[in-house]
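> Output the structure for:
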Amino acid sequence: MGSIHELGWWGEAVAVRYFEERGWAILDRNWRLGHAEVDLVVRRGAFVAFVEVKTRAAERSGHPLESITVAKRREIERVARAWLTTRGGDLAARCAFRFDAVAVTTPRGRPAKVRHVPDTWRIGDSG
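Prediction:
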């Protein structure tokens with residue numbers, strides 16, 4: 001893998017494939033509000049998840065999900081609200097929303113390992 005950005009894009013592609021294989025529809029990818037973004041917006045049935053994807057080449061520097069700080073969560077929540085206002089249509093009335101996290105690790109010479117944590121946090125959680 002080349003740069004850290006290439007690794008991140010690759011990890012998001014792995015996450016997209018993971019969700020699609022499990023029957024989720026990808027509603028948006030890398031949806032931005034200024035400099036902030038939500039990596040994936042996915043839907044399956046009556047659930048819409050705003051997903052933060054973290055990718056690491058290895059877990060030497062800690063588990064990827066450890067890097068989703070309270071500040072990052074607040075940023076994603078802000079972007080999710082904007083997404084609902086501008087792109088969500090009538091989903092707000094028909095669906096339940098949650099925040100998920102996906103960790104993608106790629107140990108040297110082995111297939112990617114995906115860990116999906118549904119409902120990772122709720123709006124207003126302090127940590």
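> give the contact list for Leu33.
Leu33 makes contact with 78-79, 82-83, according to CB atoms under 8 Å, 6 or more residues apart in numbering. Heads up, the C-betas are built off the backbone N, CA and C, glycines and all.
> hey, what's it bridged with?
With DSSP bridges applied, Leu33 shows beta-bridge pairing to Ala36.
> can you pull the buried residues of the least confident helix or strand in the chain by mean pLDDT?
When the helices and strands of the chain are scored by mean pLDDT, DSSP states H and E, helix 91-94 comes last with a mean of 86. Residues of helix 91-94 classed as buried under the neighbour-count rule (16 or more other CB atoms under 10 Å) are Leu91.
> Can you list the strands that the next helix or strand after that helix pairs with?
Toward the C-terminus, helix 91-94 is succeeded by strand 96-105 as the next helix or strand (DSSP states H and E). Paired neighbours of strand 96-105 in the sheet (DSSP bridges): strand 47-56 (parallel), strand 113-121 (antiparallel).
> For the last one, C-alpha coordinates in PDB please.
If I follow you right, that is strand 113-121. The C-alpha coordinates for strand 113-121 follow below in PDB (Å, rounded to 0.1, in the frame of the first residue of the first chain):
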ATOM      1  CA  LYS A 113      -9.600  -8.200   8.800                       C
ATOM      2  CA  VAL A 114     -12.900  -6.300   9.300                       C
ATOM      3  CA  ARG A 115     -14.400  -5.600  12.700                       C
ATOM      4  CA  HIS A 116     -17.800  -3.900  12.600                       C
ATOM      5  CA  VAL A 117     -19.100  -2.400  15.800                       C
ATOM      6  CA  PRO A 118     -22.800  -1.500  15.400                       C
ATOM      7  CA  ASP A 119     -24.300   1.400  17.500                       C
ATOM      8  CA  THR A 120     -20.800   2.400  18.600                       C
ATOM      9  CA  TRP A 121     -22.000   5.600  20.300                       C
END
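> In it, which residues are buried?
With the criterion 16+ other CB under 10 Å, strand 113-121 contains buried residues 114, 116, 120-121.
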